[in-house]
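*Asks:* pasted the sequence and its predicted model underneath.
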Amino acid sequence: QVHLIESGGGLVQAGGSLRLSCAASGASGRTFSVNAMAWFRQAAGKEREFVAAINWRGGATHYADSVKGRFTISGDNAKNTVYLQMDSLKAEDTAVYYCNSNGIDDDADGFDSWGQGTQVTVSS
């Protein structure tokens with residue numbers, strides 16, 4: 001089992017910036033291999049939606065059209081940590097942001113884990 005812990009959410013004015021972090025760790029010190037990590041978000045009354053993803057081996061990134069040019073996803077392989085730099089924030093970016101990771105654990109079983117979520121509120 002792989003646990004994800006997010007941090008960095010908060011309240012910011014429109015046009016401002018925030019940086020989210022998400023660290024992955026194995027339960028009871030177990031090892032694992034990450035394939036990809038991603039960020040999703042869910043605004044009040046709406047379904048969860050994709051924001052950005054990064055391939056852990058090649059570093060390829062993908063973004064939702066709504067955040068292209070404003071958000072940047074990056075990763076630190078050594079720390080199994082993914083970041084989401086959010087610039088030029090808009091009120092419509094207000095949501096709970098969730099980290100997701102998938103890969104293989106040390107039993108050669110696949111995992112697909114979610115963090116607990118971190119609130120981002122953008123005031124207009």
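*Replies:* Now that the structure is in, tell me what you want to look at. If you're wondering where the values come from, they're calculated on a predicted model, not measured in any experiment.
*Asks:* low-confidence stretches in the protein?
*Replies:* Regions of the chain meeting the criterion pLDDT under 70 are absent.
*Asks:* ranges for the strands of it?
*Replies:* Assignment of strands within the chain using DSSP state E yields the ranges 2-7, 10-13, 18-26, 32-42, 49-55, 61-63, 71-76, 81-86, 95-105, 110-114, 118-123.
*Asks:* which of these sits most buried?
*Replies:* Comparing the strands of the chain on average neighbours per residue, with mean count of other Cβ atoms under 10 Å, the densest one is strand 81-86 at a mean of 22. (Glycine included, C-beta is placed from N, CA and C.)
*Asks:* helices or strands up against it?
*Replies:* The contact analysis (3 or more Cβ pairs under 8 Å, 6 or more residues apart in numbering; DSSP states H and E) places strand 81-86 against strand 18-26, strand 32-42, strand 49-55, strand 71-76, strand 95-105.
*Asks:* and that strand, how far from the chain's centre?
*Replies:* 6 Å (Cα atoms, centre = their mean, to the nearest Å).
*Asks:* quick one: contacts of stretch 30-39?
*Replies:* Applying Cβ atoms under 8 Å, 6 or more residues apart in numbering, the contact partners of stretch 30-39 are 1-2, 20, 22, 24, 26, 50-57, 73, 75, 77, 80, 82, 84, 97-106, 111.
*Asks:* tell me how far the residue located most distally from the centre of the chain lies from Ala14.
*Replies:* Of all residues in the chain, Asp107 has its C-alpha farthest from the mean position, at 24.9 Å, by Cα atoms, centre = their mean. Distance, Asp107 to Ala14, by Cβ to Cβ, to the nearest Å: 46 Å.
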